[in-house]
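Novice: Make a model of this:
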Amino acid sequence: MGAALYWLRSLALSLSTPPYEFNPETIKVVIHGTELVTVAKKNEEKYKEVVDRMRYYADLGVEFKVCQLAMSDYGYSLSDMQDFVQAVPSAPAEIVHWQHQGYAVLTPQIMYKKFTIESIR
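Specialist: Now for the predicted structure:
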(Lines give C-alpha, C1' and ligand atoms only; values in the text may rest on other atoms or scores of the structure.)
Protein backbone atom coordinates (compact mmCIF):
# COMPACT_ATOMS: atom_id res chain seq x y z
CA MET A 1 0.00 0.00 0.00
CA GLY A 2 2.85 2.38 0.73
CA ALA A 3 4.12 2.28 -2.85
CA ALA A 4 0.60 2.66 -4.24
CA LEU A 5 0.12 5.79 -2.13
CA TYR A 6 2.91 7.47 -4.11
CA TRP A 7 0.62 7.17 -7.14
CA LEU A 8 -2.14 8.78 -5.10
CA ARG A 9 0.20 11.57 -4.05
CA SER A 10 1.18 12.41 -7.60
CA LEU A 11 -2.46 12.32 -8.67
CA ALA A 12 -4.19 14.12 -5.78
CA LEU A 13 -1.66 16.89 -5.32
CA SER A 14 -1.22 17.53 -9.04
CA LEU A 15 -4.91 17.49 -9.90
CA SER A 16 -5.79 19.92 -7.10
CA THR A 17 -3.64 22.72 -8.59
CA PRO A 18 -3.78 24.72 -11.86
CA PRO A 19 -4.31 23.97 -14.63
CA TYR A 20 -6.47 21.05 -13.42
CA GLU A 21 -8.08 22.25 -10.18
CA PHE A 22 -10.03 19.06 -9.57
CA ASN A 23 -11.52 18.54 -6.15
CA PRO A 24 -9.76 15.66 -4.32
CA GLU A 25 -13.26 14.33 -3.52
CA THR A 26 -13.36 13.10 -7.11
CA ILE A 27 -10.73 10.47 -6.25
CA LYS A 28 -11.96 7.09 -5.04
CA VAL A 29 -9.55 4.41 -3.82
CA VAL A 30 -11.06 0.92 -3.91
CA ILE A 31 -9.26 -1.53 -1.65
CA HIS A 32 -9.70 -5.28 -1.99
CA GLY A 33 -7.64 -8.36 -1.41
CA THR A 34 -4.75 -8.69 0.98
CA GLU A 35 -4.02 -4.95 1.10
CA LEU A 36 -7.14 -4.41 3.22
CA VAL A 37 -5.18 -5.52 6.30
CA THR A 38 -3.46 -2.12 6.20
CA VAL A 39 -6.73 -0.38 7.16
CA ALA A 40 -7.70 -2.83 9.91
CA LYS A 41 -7.61 -1.05 13.29
CA LYS A 42 -5.77 -3.96 14.90
CA ASN A 43 -2.87 -3.43 12.46
CA GLU A 44 -2.63 0.34 12.88
CA GLU A 45 0.71 0.26 14.67
CA LYS A 46 2.21 -2.11 12.11
CA TYR A 47 1.09 0.09 9.19
CA LYS A 48 1.16 3.45 11.00
CA GLU A 49 2.98 5.37 8.27
CA VAL A 50 0.60 4.10 5.58
CA VAL A 51 -2.50 4.72 7.72
CA ASP A 52 -1.31 8.25 8.53
CA ARG A 53 -0.80 8.96 4.82
CA MET A 54 -4.23 7.56 3.98
CA ARG A 55 -5.84 9.62 6.73
CA TYR A 56 -4.12 12.75 5.33
CA TYR A 57 -5.64 12.11 1.89
CA ALA A 58 -9.02 11.24 3.42
CA ASP A 59 -8.95 14.60 5.20
CA LEU A 60 -8.42 16.23 1.78
CA GLY A 61 -11.55 14.46 0.54
CA VAL A 62 -10.21 11.30 -1.10
CA GLU A 63 -12.61 8.41 -0.45
CA PHE A 64 -11.22 5.04 0.62
CA LYS A 65 -13.60 2.16 -0.06
CA VAL A 66 -13.14 -1.44 1.05
CA CYS A 67 -14.79 -4.45 -0.54
CA GLN A 68 -17.20 -6.17 1.86
CA LEU A 69 -16.63 -9.50 0.13
CA ALA A 70 -12.88 -9.26 0.80
CA MET A 71 -13.48 -8.12 4.39
CA SER A 72 -15.68 -11.16 4.92
CA ASP A 73 -13.09 -13.47 3.32
CA TYR A 74 -10.46 -12.20 5.78
CA GLY A 75 -12.79 -12.25 8.80
CA TYR A 76 -13.24 -8.48 9.10
CA SER A 77 -16.26 -6.20 9.31
CA LEU A 78 -16.53 -2.44 8.84
CA SER A 79 -16.22 -1.92 12.60
CA ASP A 80 -12.73 -3.48 12.35
CA MET A 81 -11.62 -0.85 9.82
CA GLN A 82 -10.25 2.67 10.22
CA ASP A 83 -12.88 5.39 10.54
CA PHE A 84 -12.03 6.98 7.17
CA VAL A 85 -12.92 3.76 5.30
CA GLN A 86 -16.28 3.15 3.65
CA ALA A 87 -17.59 -0.34 2.89
CA VAL A 88 -18.87 -1.24 -0.58
CA PRO A 89 -20.56 -4.54 -1.46
CA SER A 90 -18.09 -5.55 -4.16
CA ALA A 91 -14.86 -3.93 -5.39
CA PRO A 92 -15.39 -4.86 -9.07
CA ALA A 93 -18.99 -3.60 -8.96
CA GLU A 94 -17.83 -0.35 -7.32
CA ILE A 95 -15.20 0.18 -10.01
CA VAL A 96 -17.74 -0.42 -12.79
CA HIS A 97 -20.21 1.92 -11.08
CA TRP A 98 -17.71 4.80 -11.06
CA GLN A 99 -16.64 4.06 -14.64
CA HIS A 100 -20.29 4.50 -15.68
CA GLN A 101 -20.21 7.88 -13.91
CA GLY A 102 -17.33 8.93 -16.17
CA TYR A 103 -14.42 8.10 -13.86
CA ALA A 104 -11.21 6.58 -15.16
CA VAL A 105 -9.56 3.57 -13.55
CA LEU A 106 -5.89 3.81 -12.65
CA THR A 107 -4.21 0.67 -11.39
CA PRO A 108 -0.87 1.43 -9.75
CA GLN A 109 2.01 -0.54 -11.17
CA ILE A 110 4.33 -1.03 -8.25
CA MET A 111 7.94 -0.93 -9.30
CA TYR A 112 10.83 -1.82 -7.07
CA LYS A 113 14.11 0.00 -7.36
CA LYS A 114 16.95 -2.16 -8.59
CA PHE A 115 19.39 0.73 -8.58
CA THR A 116 19.87 3.71 -6.33
CA ILE A 117 19.27 7.14 -7.82
CA GLU A 118 22.93 7.95 -7.21
CA SER A 119 24.12 4.93 -9.18
CA ILE A 120 22.22 5.88 -12.35
CA ARG A 121 22.98 9.62 -12.45
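Novice: can you pull out the strands in the protein?
Specialist: In the chain, the segments counted as strands under DSSP state E are 28-31, 63-67, 85-88.
Novice: tell me the centre residue of the protein?
Specialist: V29 (4.1 Å; CA atoms, centre = their mean).
Novice: got a list of what L5 touches?
Specialist: L5 sits next to V50, R53, M54, Y57 when contact means CB atoms under 8 Å, 6 or more residues apart in numbering. The C-beta positions use only the backbone N, C-alpha and C, and glycine is treated the same way.
Novice: Would you mind listing the residues in contact with the residue nearest to the centre of the chain?
Specialist: Here V29 is in contact with L8, Y57, V62, E63, F64, K65 (CB under 8 Å, 6+ apart).
Novice: residues in contact with K41?
Specialist: Counted by CB under 8 Å, 6+ apart, K41 has contacts D80, M81, Q82.
Novice: so the second one makes contact with Q68?
Specialist: Meaning M81. No: using CB atoms under 8 Å, M81 is not in contact with Q68, being 10.5 Å away.
Novice: so where's this structure uncertain?
Specialist: Residues of the chain meeting the criterion pLDDT under 70: 110-113.
Novice: ok so, going back, so what's in contact with M81 and Q68 at the same time?
Specialist: A87.
Novice: Save the contacts of K41 as JSON lines, and put in neighbour count and distance to P108 too.
Specialist: Output for the contacts of K41, formatted as JSON lines (neighbours: other CB atoms under 10 Å; distance: CB to CB, whole Å):
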{"residue": "D80", "neighbour count": "17", "distance to P108": "24"}
{"residue": "M81", "neighbour count": "19", "distance to P108": "21"}
{"residue": "Q82", "neighbour count": "18", "distance to P108": "20"}
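Novice: For my notes, please list those residues in a markdown table and give distance to E44 for each entry.
Specialist: Output for these, formatted as a markdown table (distance: CB to CB, whole Å):
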| residue | distance to E44 |
| --- | --- |
| D80 | 11 |
| M81 | 10 |
| Q82 | 7 |
